[in-house]
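Engineer: sequence and predicted structure are below.
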Amino acid sequence: MAMLDDRTALGDSGLAIPKLCFGTSGLGDMPGTYGYNTPEERAYATIEHILTGPFPFLDTSRNYGDGRSEERIGHVIRSLGGLPESAILSTKLDRDMHSGRFDGGRARESLEQSLQALNVDRVDLLHLHDPEHAASVEEITAANGALPELFRMKEEGLCTAIGLAAGNVDIMMPLLRDWDFDALISHNRYTLVNRNAATMFDLAIQRGICILNAAPYAGGVLAKGSALHPRYVYQEADQDMLNPVRRIEAVCEKYDVPVGAVALQFSLKEPRIASTICGVTHPERVEQTLEWAQAVIPDGLWLELQALTPSFEDPEATRVYDPG
């Protein structure tokens with residue numbers, strides 16, 4: 001647990017984050033993304049387990065499950081009598097999901113909706129989310145756009161630190177060069193299977209931007225297995241997509257180590273990554289995450305995995321985006 005207790009300061013914001021964070025998109029009930037439903041009561045139990053556990057660090061978003069993720073977190077915060085003092089809450093500004101509008105006014109609406117749903121008056125970490133899916137990146141970066149508004153929110157004390165959370169590296173890189181973010185979230189692009197974010201991570205380190213690596217299980221397949229969960233980065237997977245996963249599974253089976261433990265520790269051990277965001281939708285998965293983080297993994301297994309060639313292509317290039 002010692003490694004997990006290490007914290008990384010996000011620039012000069014005053015916020016320091018632990019190595020492990022829990023993602024809550026699945027807790028918003030998003031069957032179009034994950035291929036299964038998450039009942040309300042199970043979501044409440046999972047959120048409470050996180051908030052009262054040793055790593056009460058939650059990452060959510062305004063658009064996860066059309067607001068359900070934030071609403072369910074807010075329900076638990078109310079039931080606990082407020083956000084626990086040790087908890088860290090991260091959410092995101094989202095575009096208008098119908099028009100794609102993402103100017104400063106929309107950013108302000110998004111934050112107001114988040115604070116109301118979450119039952120808080122501020123958050124610790126606030127990200128600009130998914131600029132690649134907005135109507136216009138130029139609108140986001142304009143003087144009256146969402147990005148300048150995000151920085152004003154930090155100045156106003158509505159958040160402690162600010163970040164960029166997106167998928168497409170080509171969209172993210174110019175923004176990371178031009179804007180002084182405290183943090184970034186990348187998902188599915190630094191896993192056992194894929195290293196699409198590697199160059200971007202180098203840039204972030206050069207710029208003093210803290211890296212949060214989300215989706216180390218590539219949308220679930222590296223946690224649940226290719227036989228039980230034949231999906232890759234939120235889409236049904238064909239054999240070509242699953243073959244790299246199966247090669248990893250064969251190595252892990254040889255050493256009798258869960259693939260999920262290896263996938264998680266691959267991210268936790270990467271020195272550029274400040275925190276790894278793991279999605280969970282069961283209280284038991286929270287405990288399993290802690291067990292996997294501390295599992296003993298033989299050096300020989302890591303050496304065999306190093307011999308496998310990862311992809312550096314965008315893993316979501318063919319994904320049909322479904323926010324539900």
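Structural biologist: Arrived safely.
Engineer: in stretch 302-318, what's buried?
Structural biologist: Glu304, Leu305, Pro310, Asp314, Pro315, Glu316 (16 or more other C-beta atoms under 10 Å). Placement of C-beta: from N, CA and C, glycine included.
Engineer: whoops, stretch 194-208 was the one
Structural biologist: Asn194, Arg195, Asn196, Ala197, Met200, Phe201, Leu203, Ala204.
Engineer: now, which of the buried residues of stretch 302-318 lie within strands?
Structural biologist: Judged by DSSP state E, the subset of these located in strands is empty.
Engineer: between the residues you listed, which is nearest Thr33?
Structural biologist: Checking the buried residues of stretch 302-318 against Thr33 by C-beta to C-beta gives Glu316 as the nearest, at 11.6 Å.
Engineer: tell me if I'm right that that closest one and Asn194 touch.
Structural biologist: No: with contact defined as C-beta atoms under 8 Å, Glu316 does not count as touching Asn194 (9.7 Å).
Engineer: from the buried residues of stretch 194-208, which land in helices?
Structural biologist: Among the buried residues of stretch 194-208, DSSP state H puts Met200, Phe201, Leu203, Ala204 in helices.
Engineer: for the third one, what are its contacts?
Structural biologist: Pointing back at Leu203 there. Met173, Leu176, Arg177 (C-beta atoms under 8 Å, 6 or more residues apart in numbering).
Engineer: one more pass at 10 Å, please.
Structural biologist: Val169, Met172, Met173, Leu176, Arg177, Leu184, Ala197, Ile209 (C-beta atoms under 10 Å, 6 or more residues apart in numbering).
Engineer: of those residues, buried ones?
Structural biologist: Val169, Met172, Leu176, Leu184, Ala197, Ile209.
Engineer: would you list those residues in CSV and tack on pLDDT and secondary structure?
Structural biologist: Formatted as CSV, the buried ones among the contacts of Leu203 follow (pLDDT from 0 to 100; DSSP: H, G, I helix; E, B strand; the rest coil):
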residue, pLDDT, secondary structure
Val169, 97, helix
Met172, 98, helix
Leu176, 98, helix
Leu184, 98, strand
Ala197, 98, coil
Ile209, 98, coil
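Engineer: for Asp124, state which of these is nearest.
Structural biologist: Taking C-beta to C-beta as the measure, Asp124 lies nearest Leu184 of the buried ones among the contacts of Leu203, at 15.5 Å.
Engineer: excluding chain neighbours, what is closest to the closest one?
Structural biologist: Nearest residue to Leu184 in three dimensions, chain neighbours excluded: Leu164, at 4.9 Å (C-beta to C-beta, 6 or more residues apart in numbering).
Engineer: Arg247: which of the contacts of Leu203 is nearest?
Structural biologist: Closest to Arg247, out of all of those and judged by C-beta to C-beta, is Ala197, at 21.0 Å.
Engineer: so what does the nearest residue to the closest one once chain neighbours are set aside have for phi and psi?
Structural biologist: Leaving aside its chain neighbours, Ala197 sits nearest to Arg189 (3.8 Å; criterion: C-beta to C-beta, 6+ apart). Here is the backbone geometry of Arg189 (degrees, to the nearest 10): phi -110, psi 10.
Engineer: which ones are touching Arg189?
Structural biologist: Taking C-beta under 10 Å, 6+ apart, one finds 167-169, 172, 195-198, 200-201, 213-215, 218, 233, 311-316 in contact with Arg189.
Engineer: find the residue at the geometric middle of the chain.
Structural biologist: Nearest residue to the geometric centre of the chain (C-alpha atoms, centre = their mean): Ala214, 3.5 Å.
Engineer: per-residue pLDDT, it?
Structural biologist: Looking at Ala214, its pLDDT reads 98.
Engineer: residues contacting it?
Structural biologist: 21, 23, 25, 59, 165, 167, 185-190, 267, 275-279.
Engineer: state the distance from the closest residue to Ala16 other than its chain neighbours to Ser99.
Structural biologist: Nearest residue to Ala16 in three dimensions, chain neighbours excluded: Arg7, at 4.1 Å (C-beta to C-beta, 6+ apart). To Ser99, Arg7 is 39 Å away according to C-beta to C-beta, to the nearest Å.
Engineer: more crowded one of the two?
Structural biologist: Arg7 (14 against 10; other C-beta atoms under 10 Å).
Engineer: surely the more buried one and Pro18 touch.
Structural biologist: Yes: using C-beta atoms under 10 Å, Arg7 is in contact with Pro18, at 5.5 Å.
Engineer: need the residues touching each of these two.
Structural biologist: Joint contacts of Arg7 and Pro18 (C-beta under 10 Å, 6+ apart) are Ile88, Ala274, Ser275.
Engineer: in CSV, list the residues you listed along with neighbour count and secondary structure.
Structural biologist: Below are those laid out as CSV (neighbours: other C-beta atoms under 10 Å; DSSP: H, G, I helix; E, B strand; the rest coil):
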residue, neighbour count, secondary structure
Ile88, 23, strand
Ala274, 24, strand
Ser275, 27, strand
